[in-house]
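In: Next input, structure requested:
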Amino acid sequence: RRKERERLEQLRQAEEEAELEAKKKNEHVERATSLIANLEQVRSGLKEFDKSKAVSRRRLQFKKICNGKINTLSHDKDKVVEVGKAVSDAIAKAASDDAAGGEPVTSMGKKYLLDLLCANLIVRVQADGFNGTRGDGFPLAAMFAFVSTHCEEISPVLEGHLYTVCPTAIPTLSLTEATSEGGVKDENDLMESLGMIRDKDGEFESFDKFLHRTEGLISIMANIMSSLPSEHTLLGGHRGALTWLQRFMALLPPSPASPLPLLTAPVLVAFLTGAGHMLANKYPTEFKPIFDEVKKDIVNRLDDSPVGVPSATRLKKVLEVGFDGLKKDLPQGSIAALYDGRGTGAGATGGVSSSPFGATPGAASNTSNTTSSNPLPTSNWGGNATSDSDSMFDAKSASSTVQADTTTSAQSSSAAPFGNSSFSTSNTAAASNPSPFGTVGGQPTGFAAAAPSPFGGGGSQNPGFGTGFGTTPAPAASPFGSASAAPSSGFGTSTAPAPSPFGAAPA
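Out: Here you go, the predicted structure:
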């Protein structure tokens with residue numbers, strides 16, 4: 001009987017360990033889901049600020065920053081530094097004005113500005129004219145990375161927006177087949193599970209447009225992760241890039257399953273183009289086996305349909321240079337002084353030994369950042385306020401639609417903040433949605449479980465934002481010098497700006 005009790009106890013312990021392991025793997029997806037839900041909640045409370053005449057001047061100032069100042073970004077280090085300083089100053093001034101307001105509606109300015117900045121980024125990178133693999137996003141990425149070192153609250157806001165319109169950025173792929181009641185594949189379910197969106201007439205976007213949008217979103221994520229300053233933790237920072245790639249690779253069905261999900265090639269093209277050089281220099285030991293797996297195995301199992309071939313061809317071209325070539329050459333369109341390609345192979349290609357932004361007081365050292373997981377900053381939405389004025393995003397418009405002159409409603413799925421929504425979070429956040437990726441060998445692939453977030457479990461941090469911003473951390477000393485008075489300009493009109501890719505990318 002004693003042996004039987006011991007056996008049962010061992011079984012119980014094994015079950016508990018398995019449950020804890022499963023929970024740990026899924027807590028990242030739960031965190032992403034929480035960020036999306038809290039984004040909706042907080043935006044809902046900002047409707048009052050968006051409509052109040054009492055703050056109309058402040059709204060105009062915010063919009064001029066977003067649609068005006070940010071439009072001046074270019075592939076010039078000094079211009080990125082200038083814009084980053086202006087945006088940081090505007091955020092600081094918004095917080096100061098909030099404190100002096102006195103009325104609930106006048107205390108929402110900083111929240112509104114942060115939401116507007118993040119929504120604006122999402123609109124830009126989904127536009128027709130944006131080309132992430134050409135390097136169009138590097139100026140915007142470097143500016144956001146810097147701003148995040150002065151305002152940690154921007155991190156959960158940006159994540160909420162990104163995950164809402166692109167579940168692959170979590171990453172998550174649901175690989176079971178979608179079927180109707182009769183067991184026949186339902187194309188609508190398949191498209192929705194991919195994250196495809198509908199236009200104002202209810203028609204789904206084309207696959208080409210969907211893949212282009214996804215590439216833009218994944219590329220800006222990779223660009224941000226690879227940008228200086230090294231200490232930034234926006235979207236997980238540099239270590240987050242490695243973690244994200246490891247998790248995305250773990251999602252893919254193992255060999256010999258073929259073909260792989262349609263998104264495999266475009267996602268890897270966008271991510272490796274943006275972050276591959278940084279990973280090859282900072283994490284060569286961990287990154288090289290992944291690179292080799294992609295080159296020797298993944299490329300042989302890519303989708304070879306007419307829709308999949310172009311992305312597969314581009315991925316092969318990225319891999320042609322080999323690991324050493326990726327390690328040596330900076331990405332096309334990157335700004336050498338703002339891209340963290342420091343490592344044994346980066347010196348000859350313009351890598352820099354220190355950030356032009358200067359040191360960030362209190363930040364983790366670069367050495368520690370290369371050897372251990374860089375945790376996400378604890379959410380600073382904080383606070384226990386439950387009133388509408390302390391929540392922040394429109395329940396439907398984490399993906400609300402704003403038209404730009406050069407974008408369609410399908411591309412403007414996360415626009416500035418309070419338009420009508422043509423794409424609700426139910427279309428994107430759900431790993432529970434069945435996937436259109438089909439079957440492998442005639443059988444469902446069985447990858448229905450959501451994949452973990454790319455950025456680690458976050459330790460003991462709150463998995464969501466909370467309902468308010470909480471106490472603003474003391475900003476790091478700006479490498480741009482003393483903060484000047486925030487510009488009187490703000491964000492421009494509520495119409496999404498023409499998606500400037502910030503000028504021609506350097507050859």
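
In: just the strands in the chain please.
Out: 439-440, 443-444, 491 (DSSP state E).

In: got any ranges where the stretch 101-250 of the chain has weak pLDDT?
Out: Residue ranges of the stretch 101-250 of the chain with pLDDT under 70: 174-186.

In: where do the helices sit along it?
Out: Using DSSP state H, counting those that start in this stretch, the helices of the stretch 101-250 of the chain run over residues 109-125, 138-150, 154-165, 187-194, 207-226, 237-251.

In: Only the C-alpha atoms, please, for the fourth one, written as CSV.
Out: These are the backbone C-alpha positions of helix 187-194, laid out as CSV (Å, rounded to 0.1, in the frame of the first residue of the first chain):
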residue,chain,number,x,y,z
GLU,A,187,-14.2,30.2,-46.2
ASN,A,188,-15.4,33.1,-44.0
ASP,A,189,-14.2,31.3,-40.9
LEU,A,190,-10.9,30.6,-42.6
MET,A,191,-10.3,34.2,-43.6
GLU,A,192,-11.3,35.6,-40.2
SER,A,193,-9.0,33.2,-38.4
LEU,A,194,-6.2,34.5,-40.5
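
In: angle of that helix against helix 207-226?
Out: In terms of direction (axes from the mean of the first three to the mean of the last three Cα atoms, to 10 degrees), helix 187-194 departs from helix 207-226 by 10 degrees.

In: Show me what counts as buried in helix 187-194.
Out: For helix 187-194, the neighbour count (16 or more other Cβ atoms under 10 Å) marks 189, 190, 191, 192, 193, 194 as buried. (C-beta placed from N, C-alpha, C; glycine too.)

In: Please tell me how far the second one sits from residue 60.
Out: The one in question is residue 190. For residue 190, the distance to residue 60 (Cβ to Cβ, to the nearest Å) stands at 43 Å.

In: next one: the fifth one
Out: For residue 193, the distance to residue 60 (Cβ to Cβ) stands at 40 Å.

In: what number of residues lie near the nearest residue to residue 279 once chain neighbours are set aside?
Out: Leaving aside its sequence neighbours, residue 279 sits nearest to residue 287 (Cβ to Cβ, 6 or more residues apart in numbering; 4.2 Å). When counting by other Cβ atoms under 10 Å, one arrives at 24 neighbours for residue 287.

In: Just to check, residue 287 is in contact with residue 241?
Out: No: counting by Cβ atoms under 8 Å, residue 287 stays clear of residue 241, with 9.2 Å between them.

In: what do these two both touch?
Out: Residues touching both residue 287 and residue 241 (Cβ atoms under 8 Å, 6 or more residues apart in numbering): residue 279.

In: Go ahead and confirm residue 69 touches residue 86.
Out: Yes: with contact defined as Cβ under 8 Å, residue 69 and residue 86 form a contacting pair (5.3 Å).

In: Pick out whichever of the two has more residues nearby.
Out: Set residue 69 next to residue 86 and count neighbours by other Cβ under 10 Å: residue 86 wins out with 23 against 20.

In: Can you tell me how far that one is from residue 73?
Out: With Cβ to Cβ as the criterion, residue 86 and residue 73 are 11 Å apart.

In: ok, now residue 208?
Out: Distance, residue 208 to residue 73, by Cβ to Cβ: 27 Å.

In: So between the two, which is more surrounded?
Out: Neighbour tally, residue 208 and residue 73, criterion other Cβ under 10 Å: the higher count belongs to residue 73, 22 against 10.

In: Now that one. Its backbone dihedrals?
Out: Torsion angles at residue 73 (phi, psi; degrees, to the nearest 10) stand at phi -60, psi 150.

In: from what I can see it touches residue 140, true?
Out: Yes: between residue 73 and residue 140 there is a contact under Cβ under 8 Å: 6.1 Å.

In: Quick check: closest non-adjacent residue to residue 97.
Out: residue 109 (5.6 Å).

In: ok, that neighbour - how many residues close by?
Out: 26.

In: likewise residue 78?
Out: Applying other Cβ under 10 Å, we find 10 residues neighbouring residue 78.

In: what about it, distance to residue 65?
Out: Distance of residue 78 to residue 65, given as Cβ to Cβ: 18 Å.

In: Residue 321 against residue 329, yeah?
Out: Yes: judged on Cβ under 8 Å, residue 321 makes contact with residue 329 at a distance of 6.9 Å.

In: neighbour count winner among those two?
Out: Ranked by neighbour count (other Cβ under 10 Å), residue 321 and residue 329 place residue 329 first, with 19 against 13.

In: Please report the distance of that one from residue 265.
Out: Remark: distance between residue 329 and residue 265 (Cβ to Cβ) = 21 Å.

In: from the buried residues of helix 187-194, which two are the most distant?
Out: 189 and 194 (9.8 Å; Cβ to Cβ).

In: Pull the contacting residues for residue 286.
Out: Neighbour list for residue 286: 242, 246, 279 [criterion: Cβ under 8 Å, 6+ apart].

In: The residue nearest to residue 97 reaches residue 96, doesn't it?
Out: No: the pair residue 109 / residue 96 is not scored as a contact, 9.3 Å apart, by Cβ under 8 Å.

In: Just the buried residues of the contacts of residue 286.
Out: Applying 16+ other Cβ under 10 Å to the contacts of residue 286, the neighbour count classes 242, 279 as buried.

In: Take the contacts of residue 286 and lay them out in CSV including distance to residue 117.
Out: Below are the contacts of residue 286 laid out as CSV (distance: Cβ to Cβ, whole Å):
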residue, distance to residue 117
242, 26
246, 29
279, 27
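
In: and which of the contacts of residue 286 is nearest to residue 16?
Out: Residue 16 has its nearest neighbour among the contacts of residue 286 in residue 246, at 25.7 Å by Cβ to Cβ.

In: With residue 334 as the reference, measure out to the closest residue to that closest one other than its chain neighbours.
Out: Leaving aside its chain neighbours, residue 246 sits nearest to residue 290 (6.9 Å; criterion: Cβ to Cβ, 6+ apart). From residue 290 over to residue 334 the distance is 21 Å, taken as Cβ to Cβ.

In: Those two: which has the busier surroundings?
Out: residue 334 (30 against 20).

In: Contacts only, for the residue nearest to that one when sequence neighbours are not counted.
Out: Spatial nearest neighbour of residue 334, excluding adjacent residues (Cβ to Cβ, 6+ apart): residue 138 at 5.0 Å. Residue 138 makes contact with 75, 223, 227, 331, 333, 334, 335, 338, 339, according to Cβ under 8 Å, 6+ apart.

In: how about the residues you listed in a markdown table, adding distance to residue 163?
Out: Output for the contacts of residue 138, formatted as a markdown table (distance: Cβ to Cβ, whole Å):
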| residue | distance to residue 163 |
| --- | --- |
| 75 | 28 |
| 223 | 17 |
| 227 | 20 |
| 331 | 24 |
| 333 | 25 |
| 334 | 25 |
| 335 | 27 |
| 338 | 25 |
| 339 | 25 |
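
In: Restricted to buried residues, select those residues in ChimeraX.
Out: Command for ChimeraX that selects the buried part of those, burial taken from 16+ other Cβ under 10 Å:
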select :75,223,227,331,333,334,335,338,339
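
In: Now, the contacts of residue 138 that are in helices?
Out: Counted as lying in helices by DSSP state H, out of the contacts of residue 138, are residue 223.

In: Out of the contacts of residue 138, the closest to residue 273 would be?
Out: Relative to residue 273, the closest of the contacts of residue 138 is residue 331; by Cβ to Cβ it sits at 5.9 Å.

In: can you tell me how far that closest one sits from residue 242?
Out: Applying Cβ to Cβ to residue 331 and residue 242 gives a distance of 16 Å.

In: same thing with residue 27?
Out: Separation of residue 27 from residue 242 (Cβ to Cβ): 19 Å.

In: buried residues in stretch 64-82?
Out: The neighbour-count check on stretch 64-82 (16+ other Cβ under 10 Å) flags 64-71, 73-77, 79-82 as buried.
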